[in-house]
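In: From the sequence below, what's the structure:
(one chain, ligands or ions: 1)
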Amino acid sequence: MTIQHSKINDFFATHIKRGSDGREYQPDGCSIRLDEALELQKLITEFRPTHTMEIGLALGASAIAISESLEQCGTAVKHVVLDPFQSQYGDVGLRELERLGLRHRVEFLEVFSYDFLYDCSKRGRRFDLIFNDGGHSIGIKVTDAFLSDQCLTAGGLIAFHDAFMFSVTAAVKYLVKNQGYEVIKLIPDSRLKRWLRVIKYGTVYGWWYGNRVVPFTARSLVVLRKPS
Ligand SMILES: C[S@@+](CC[C@H](N)C(=O)[O-])C[C@H]1O[C@@H](n2cnc3c(N)ncnc32)[C@H](O)[C@@H]1O
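Out: As a prediction, this is how the structure comes out:
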């Protein structure tokens, strides 16, 4: 099957987005990048998750990448997207989903990740894929990882943006070392950059992270698989 990633390319074709508040918003420095979005799409094409969820809509790049891929895979279930602060981004994420004809593919909830995940864990609601690009404090990231583990199906995937932030390294260490998750090998943006990152982040975060996680990231995307 040939997949055209046209909607995500369309999203990145405009560098400035106009919000409902009349202000301008730029994906640069806020959203995932195009190559990371394409990696997420490859992951969905390969693993075919049915129930998916993401934390952090903001300008919508990751939500567009994921929901476009789900649509191409013929998945009927809506992609769940959480963000209690969408209005602070001029509703750009929702506006972009609408503009690109993907709004109906998304169930958007203005709630905090940890409230939603705790509720899911109590009610037995499960996901095959969770993408985390929400709150980046250590407390939120590790809490999200702990609760996401309870809400992932066996063999399910959890992906994090910002693999080289301290909070993400803590969450990844918890899932891999304590919970037995496997690090999925992604294609790096360049081989040279991959090894430069191994040296840089191995020095900063220790050689376990440097050798066991950093080489498998795609730019700053890291993906783990729950044991089945
Ligand atoms: C880096 S931005 C997400 C970028 C988005 N993935 C994209 O590609 O455009 C982080 C978002 O997470 C949201 N956020 C922060 N803490 C959150 C939480 N606890 N639960 C859900 N969303 C949260 C923020 O409002 C912000 O919109």
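
In: ok, now how distant is the residue nearest in space to the middle of the chain from residue 115?
Out: Centroid check for the chain by Cα atoms, centre = their mean gives residue 131 as the closest residue, at 3.1 Å. Going from residue 131 to residue 115 by Cβ to Cβ, to the nearest Å gives 18 Å. (C-beta placed from N, C-alpha, C; glycine too.)

In: Hmm, residue 161 is touching residue 134, no?
Out: No. Counting by Cβ atoms under 8 Å, residue 161 stays clear of residue 134, with 9.3 Å between them.

In: out of these two, which sits in the more crowded spot?
Out: Each of residue 161 and residue 134 has its neighbours counted (other Cβ atoms under 10 Å); residue 161 has more, 25 against 22.

In: Backbone dihedrals for the more buried one, both of them.
Out: In terms of degrees, to the nearest 10, the main-chain angles of residue 161 are phi -90, psi 160.

In: Let me know the pLDDT of it.
Out: Reported pLDDT at residue 161 in the predicted model: 98.

In: Spatially nearest residue to residue 65, not counting backbone neighbours?
Out: Distances taken as Cβ to Cβ, 6 or more residues apart in numbering place residue 37 nearest to residue 65, at 3.8 Å, with adjacent residues excluded.

In: Neighbours of that neighbour, how many?
Out: The burial count for residue 37: 24, using other Cβ under 10 Å.

In: ok, now which ones touch it?
Out: Contacts here follow Cβ atoms under 8 Å, 6 or more residues apart in numbering; on that basis residue 37 touches 5, 8, 12, 61-62, 64-65.

In: before we move on, what about residue 199?
Out: residue 210.

In: On the three-state scheme, it is what?
Out: Under the three-state scheme (DSSP: H, G, I helix; E, B strand; the rest coil), residue 199 adopts helix.
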